[in-house]
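A.B. asks: Okay, here's the prediction I keep looking at, along with the sequence it came from:
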Amino acid sequence: EVQLVESGGGLVQAVGSLRLSCAASGFNVEDAAIGWFRQVPGKAREGILCTNNYDGTTYYTDSMKDRFTTSSDNAKNTVYLQMNSLKPEDTAVYYCAYNCGTDPSDSWGKGTQVTVSS
C-alpha cells in the first residue's frame, strides 16, 4: 500500500527557512514522481512542484521556483521540500502526493501545517 507522511512543519518567522519531509512506504521514491502542494483553508489547492526521480526532472510552478527546491534521500525513502525566504503568505498546509497527484486514485499524505509569522 502506497503511503506518504509529511513532517517538518511548524511556526517560522518571515525570511526564515524550513525543510519538510515526505516519508514514503509501499514504493521506492527513486522510481517515482512526487508532487508537493499547499492549501489554505477556503482556497484552492496550489501546486508547488512535481519531481520525477526516475528521470531526474523537476517541474516548478513559476511563482515557486525561486524559493522552493526538492531533494530525495533514497536510503530513507524520503523526499524533501526546502523552503527559503518564507513569507506570511506561504502559511498553509503542505502536502506531498504520489505520482504528483495526477490520477484521482493517487495517494496523498495528510499534510503538515506551516505558519509564517511577520
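C.D. replies: On my side now, so go ahead.
A.B. asks: can you pull out the helices in this structure?
C.D. replies: Secondary structure of the chain (DSSP state H): no helices located.
A.B. asks: Ramachandran angles for V15?
C.D. replies: Main-chain dihedrals, V15, degrees, to the nearest 10: phi 70, psi 0.
A.B. asks: Correct me if wrong: L4 contacts A23.
C.D. replies: Yes - counting by C-beta atoms under 8 Å, L4 touches A23, with 7.2 Å between them. Where C-beta positions appear, they are placed from N, C-alpha and C, glycine not excepted.
A.B. asks: who has more neighbours, the two?
C.D. replies: Ranked by neighbour count (other C-beta atoms under 10 Å), L4 and A23 place L4 first, with 24 against 17.
A.B. asks: Could you find the closest non-adjacent residue to the more buried one?
C.D. replies: The shortest distance from L4 to any non-neighbouring residue, by C-beta to C-beta, 6 or more residues apart in numbering, is to G109 (3.9 Å).
A.B. asks: now the one you found: how far from S21?
C.D. replies: 10 Å (C-beta to C-beta, to the nearest Å).
A.B. asks: anything in contact with each of those two?
C.D. replies: Common contacts of G109 and S21 (C-beta atoms under 8 Å, 6 or more residues apart in numbering): E6.
A.B. asks: pLDDT wise, what is the residue nearest to L4 at?
C.D. replies: G109 is assigned 97 on the pLDDT scale.
A.B. asks: Flag the shaky bits of the chain, pLDDT-wise.
C.D. replies: Within the chain, not a single segment meets pLDDT under 70.
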